[in-house]
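Enquirer: what's the 3D shape of this:
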Amino acid sequence: MHFDERERIIVLIDGANLYAASRALGFDIDYRQMLNVFREKGYLLRAYYYTALIEDQEYSSIRPLIDWLDYNGYTVITKPAKEYTDSAGRRKVKGNMDMELAIDAMELADNANHFVLFSGDGDFRRLVEALQKKGKKVTVVSTTESQPPMIADELRRQADHFVDLASLEKVIGRAQSERPPRDRYEDDEDYDD
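Expert: Numbering: from 1, shown residues only. Next up, the predicted model:
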């Protein structure tokens, strides 16, 4: 990873996208170790984790992770997911956090030199460009190792640096068996569009 120890770093995590990418690669994320890695790279100002939650469920399988992140150095941004039934009668859940992430990034732009975006969503290409116009360096973390790749080509080309999540497995990964499986409900969107 390309960092200068004098940099002020902000980490932005698209929770649904990172979850899908790490699952596709066959490992889970060790979030404690992730913070340690970025603290060693420069001055970590904040690490934000964005996810949608299903409100009407008494217990959400993501709740323990959200609570842990909230108490252990992450700023967690959530909003209620929307439930709907598709044309085939299947129950779907949609929880897009792109707008929240983008607005926060632009509001924080004056405070940091380097943004690290954990997402492969091509919708963020314009955000990366806007941060770069403000003189910020942007590293995007996703993967080309999955089939299909989780990183949108236009996002990868726009980023100052691209880091394949697969290359970080030994640093921030842990076996999927180390914690119970989680339902995938955070975001019903395609990750590489």
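Enquirer: which non-adjacent residue is nearest Gly15?
Expert: Distances taken as C-beta to C-beta, 6 or more residues apart in numbering place Thr51 nearest to Gly15, at 3.5 Å, with adjacent residues excluded. Glycine gets a C-beta too; all of them are placed from N, C-alpha and C.
Enquirer: buried set for whatever helix or strand that neighbour lives in?
Expert: Assigned by DSSP states H and E, Thr51 belongs to strand 43-53. For strand 43-53, the neighbour count (16 or more other C-beta atoms under 10 Å) marks Leu44, Leu45, Arg46, Ala47, Tyr48, Tyr49, Tyr50, Thr51, Ala52, Leu53 as buried.
Enquirer: separation between the last one and Val93?
Expert: Looking back up the chat, that one is Leu53. Leu53 is 10 Å from Val93, where distance means C-beta to C-beta, to the nearest Å.
Enquirer: shared neighbours of those two, which are they?
Expert: Ala81 (C-beta atoms under 8 Å, 6 or more residues apart in numbering).
Enquirer: Show me where this structure dips below the pLDDT cut-off.
Expert: Scanning the chain with the threshold set as pLDDT under 70 gives 1, 55-60, 177-193.
Enquirer: can you map out the helices along it?
Expert: Taking DSSP state H, the helices of the chain run over residues 15-25, 31-41, 63-71, 98-108, 125-133, 153-158, 169-172.
Enquirer: For these, give me CSV that also has distance to Ala88.
Expert: Compiled in CSV, the helices of the chain are given as follows (distance: least, C-beta to C-beta, whole Å):
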stretch, distance to Ala88
helix 15-25, 22
helix 31-41, 36
helix 63-71, 29
helix 98-108, 26
helix 125-133, 31
helix 153-158, 30
helix 169-172, 36
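Enquirer: quick one: which of those is nearest Tyr84?
Expert: Closest approach to Tyr84 among these (C-beta to C-beta): helix 15-25, 16.5 Å.
Enquirer: what's that closest one packed up against?
Expert: With contacts taken as 3 or more C-beta pairs under 8 Å, 6 or more residues apart in numbering; DSSP states H and E, helix 15-25 sits against strand 27-29, strand 43-53.
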